[in-house]
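Asks: Give me coordinates for this.
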Amino acid sequence: MFSINLEKSPFWHRAALLALCALLYFPYLGRLPFFNKGEPREALVVQEIAQQGNWLFPLKRGEEVPSKPPLFHWLAALTSMMGGGVSEMTVRFPSALLATVAVLLLYGLGRRMFDEETAFLGGLMLATTVAFQSEAVAARVDMTLAFFVTVVLVIFYLVYQGFLKENWLYGFYLLLGLGVLAKGPVGLILPAMVISCFLIARKRWDFLSRLCFHKGVILTLLVGPAWYGLAIARGGDEFVARQVIHENLARFFLSGEGGSGHQKPIYYYIPYLMLEGLPWSLFLPFVVADCFRRRAYAEEHLLFLMLWAGLIFVFFSLSAGKRSVYILPLYPALALLTAVWLKGSDGGGIREWGLKSVGGLCLLLGAGALVAFIAGLFAGENVSLLFSYVETMVKAKDQAALVIVRDALARKGWIFLPLFLLSSVLWIAAGLRLLAMDRRTAAGCLAVLSLLVGLVVQGVVMASLAEARSYRPFMEEVNRRVGCCESLTLYGEGWDLSSAIFYRGGRVAVQGGDLAVLKEKMREAGGYYIMGEREWKKLEAPGGPGLTVEMRSQGAGPDGGEPIVLIRTTKAGKGA
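Replies: Okay, the predicted model is just below:
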C-alpha cells in the first residue's frame, strides 16, 4: 500500500527526508500566533537582541535575566534580521531548521553504522515522532539542545570509527561549547556522559585520554564556560541565582519548596516516552527486551546507541525537576535502534511476537477510528459529543483546552470525519502487514499516518487553540488605538503578560503589586492600562478611579481563563 523503497540512492533518501521535514515543520511556523507561556518568553529575548543590539547578555524587557543561555536567541535574532523583523516565523525557524539537519545527520550516521535502508528508516522515524514534530515547530530552546547533543555524538562516533579524520575533533569541541550555550551545562554533561561510558565499556582508555587532553578542549572553554564567566560578571548575583542555581542545581537536586518546580516521580518519563514517541514507541518494549535478550550491547554500534538513549533517560529520571521535553535528545538514538530492530531478518522469539503484537494493536486502533467515523456520520453536527466523556478523565487545567478542541470538532467535523476514516484504513493496513511480517509496507503506513495527523493537529487543532487563547488580535487593536508615544502600562498580576509585551512591539511599562498602588497611579498619571479581567473587576469596585473599558480580549490566555481588558482613565480620555 505505502511500501517504502529502501534501496534507492542516498541522494533520493536525503531528498525524501528533506521533503518530509519541509512538509511537517515549516508550513505553520508563521501562521499560528503565540498562545502559550513558553514561546513568547523566548521571543522577548530575541526582540531585545534585535531592537537593542544586546547580543552578549540579553535581558527580557531590558531588566529581567532570562532562564536560558542565548544560543537559541542568537539564531532567532539572526533569522529575524534576515527576515525583516521579529515574528512568530523567525523565532520558530531555528527549531525547524535544526530538527531537519538532525534528521539528515541521523541518516548519515545510520549509513556508516549499518546500511542505507536502516539509515533511511531511522531518519523517517525520527522526523515523524510526535515529540520531535512538536518541538520542531516551537520557539523553545529544547530542539537546539537536542541538535547539538546529536551533532556532537555523531561527530565523535564517526571519528572514533575512522570515518572522519581526527581534525574533526576541533569542530567537535567547538560544537560542545556551543551546546553549553543552548541550555546550560547539560549541553556538556549529556554528550560527555555518553562518550565516557562508551569508551570505558569498550576499554578504550587511549581514545579517552586523547579526548581529555586534546587541544580542542580550549575551544569548549572559550565558548561555553567563558560566556558564563562574562555573564556572571555582568549579571552578578541575579544571574547566578537565576541561571546557575535555580535553572540547574535546584532543578536537578531539590524537590518541594526548595526546588524549581516540575517535581515528578522517578517513573514519570515512562508513559510520556510511550505517548510522545508514537507511532514508533509501539515497538519500544520489544526493542528493549530483544536488545537485552540477544545481548546487543556486545555489538559496538548498538552499544553506543543504547548508551545514548539509556543514559539520557536515566539522567533525567534521577532529576528532581522533570518535563517531558527534557528527554528530547534521546529520540535520535531510539529511532535508529528501532529501525535496526524492525529491519532485522532473524525470525522467531521476541521479534516475531513483538511484530504480531503491535500488528494486533494497530488493528484495534484502526477499529476504534472506524467506529468513531461511523458514529460521527450518525451524530452529524454533534460529532464533538463523541469526545465529551474525556472531559471527566483529564485534569481541570486541561479541560478548557479539551472544550476548544471539542468546539473545533463541531465546527470542522468535515475535516475530522475523513481523518478518522483514513486513519482507520492506515492503522488496519499497518496491522495486517505486520501480521504478515511485511515491515516495509507497515512502516510506510505508520509514517503516512503520522504525517497526516501532524498536519491536521497543526492546521486545525493548534490553530483552534491559538484562536481561542492568543492575545495577538487584542494587541493589534491596542496598537491601532494607543500610539507608541502614549502612556500604556501593563498590570502584571493574575495573567501571563509575555505575549502582550511581544505584540506591543517593544519595551512597555509593567507594574505589579497591590491594586491600591495602581489606583493611586491612575488618579495621578492617567493613561491606558491593560490588566486581567479578574483584577479589573476588583478595581472597579466602589471607590475605584473613574475608568473606561475600551475593549476586552477574545483570547483567554495560555491557561484558558485569563481574558484581558484595555482601560483608560478620565484624563487619558479627554478629547477623545
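
Asks: how about stretch 95-104: buried residues?
Replies: Neighbour-count burial for stretch 95-104 flags S95, A96, L97, L98, A99, T100, A102, V103, L104 (criterion: 16 or more other CB atoms under 10 Å). Any C-beta I mention is one placed from the backbone N, CA and C, and that applies to glycine too.

Asks: Need the CA coordinates for the helix or strand where T548 lies. PDB is fine.
Replies: Using DSSP states H and E, the element containing T548 is strand 547-552. What follows is strand 547-552, C-alpha atoms only, in PDB (Å, rounded to 0.1, in the frame of the first residue of the first chain):
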ATOM      1  CA  LEU A 547     -12.300  54.200  34.200                       C
ATOM      2  CA  THR A 548     -13.500  53.500  30.700                       C
ATOM      3  CA  VAL A 549     -13.300  49.900  29.400                       C
ATOM      4  CA  GLU A 550     -12.100  50.300  25.800                       C
ATOM      5  CA  MET A 551     -12.200  46.600  24.900                       C
ATOM      6  CA  ARG A 552     -11.900  43.000  26.100                       C
END
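
Asks: for L566, helix, strand, or coil?
Replies: Here L566 is recorded as strand under DSSP: H, G, I helix; E, B strand; the rest coil.

Asks: before we move on, the earlier item: what residues does the strand holding T548 touch?
Replies: Here strand 547-552 makes contact (CB atoms under 8 Å, 6 or more residues apart in numbering) with 474, 477, 481, 522, 528, 533, 536, 539-540, 563-570, 573.

Asks: Parallel or antiparallel, which strands does that strand pair with?
Replies: strand 564-569 (antiparallel) (DSSP bridges).

Asks: Looking at the strand it pairs with now, give me its mean pLDDT.
Replies: Averaged across strand 564-569, the pLDDT comes to 87.

Asks: and the helix or strand where L364 lies, what does it pack onto?
Replies: Secondary structure from DSSP H and E places L364 in helix 349-379. Applying 3 or more CB pairs under 8 Å, 6 or more residues apart in numbering; DSSP states H and E, one finds that helix 349-379 contacts helix 284-293, helix 413-435, helix 439-456.

Asks: Packing partners of the shortest one?
Replies: If you count contacts as 3+ CB pairs under 8 Å, 6+ apart, helix 284-293 packs onto helix 331-343, helix 349-379.

Asks: now the angle from the last one to helix 284-293?
Replies: Meaning helix 349-379. On the basis of axes from the mean of the first three to the mean of the last three CA atoms, to 10 degrees, helix 349-379 is oriented at 180 degrees to helix 284-293.

Asks: what's the average pLDDT for helix 349-379?
Replies: For helix 349-379, the mean per-residue pLDDT is 87.

Asks: Tell me the buried residues in that helix?
Replies: Per 16+ other CB under 10 Å, helix 349-379 contains these buried residues: 350-351, 354-355, 357-359, 362-363, 365-366, 369-370, 372-373, 376, 379.

Asks: do the same with stretch 185-193
Replies: Within stretch 185-193, the residues that count as buried by 16+ other CB under 10 Å are P185, V186, G187, L188, I189, L190, P191, M193.

Asks: go on, stretch 200-215?
Replies: So, applying 16+ other CB under 10 Å, buried residues of stretch 200-215: F207, L208, L211, H214.

Asks: What helix or strand is the third one located in?
Replies: Read that as L211. In this structure, L211 sits in helix 205-212 according to DSSP H and E.

Asks: still on that earlier bit, can you convert the buried residues of stretch 200-215 into TSV and add a column each for distance to G277 and pLDDT?
Replies: Output for the buried residues of stretch 200-215, formatted as TSV (distance: CB to CB, whole Å; pLDDT from 0 to 100):
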residue	distance to G277	pLDDT
F207	32	95
L208	32	95
L211	31	94
H214	35	93
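
Asks: Next, format the residues you listed as a markdown table and append distance to A16.
Replies: Formatted as a markdown table, the buried residues of stretch 200-215 follow (distance: CB to CB, whole Å):
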| residue | distance to A16 |
| --- | --- |
| F207 | 35 |
| L208 | 38 |
| L211 | 35 |
| H214 | 37 |
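
Asks: what about the stretch 101-250 of the chain, any weak spots by pLDDT?
Replies: Residues of the stretch 101-250 of the chain meeting the criterion pLDDT under 70: 237, 242-243, 246, 249-250.

Asks: And the helices in it?
Replies: Counting by DSSP state H, counting those that start in this stretch, the stretch 101-250 of the chain has helices at residues 116-128, 130-136, 142-160, 168-183, 186-201, 205-212, 217-239.

Asks: Between helix 142-160 and the fourth one, find me the angle.
Replies: For helix 168-183 against helix 142-160, the angle by the same axes, to 10 degrees is 160 degrees.
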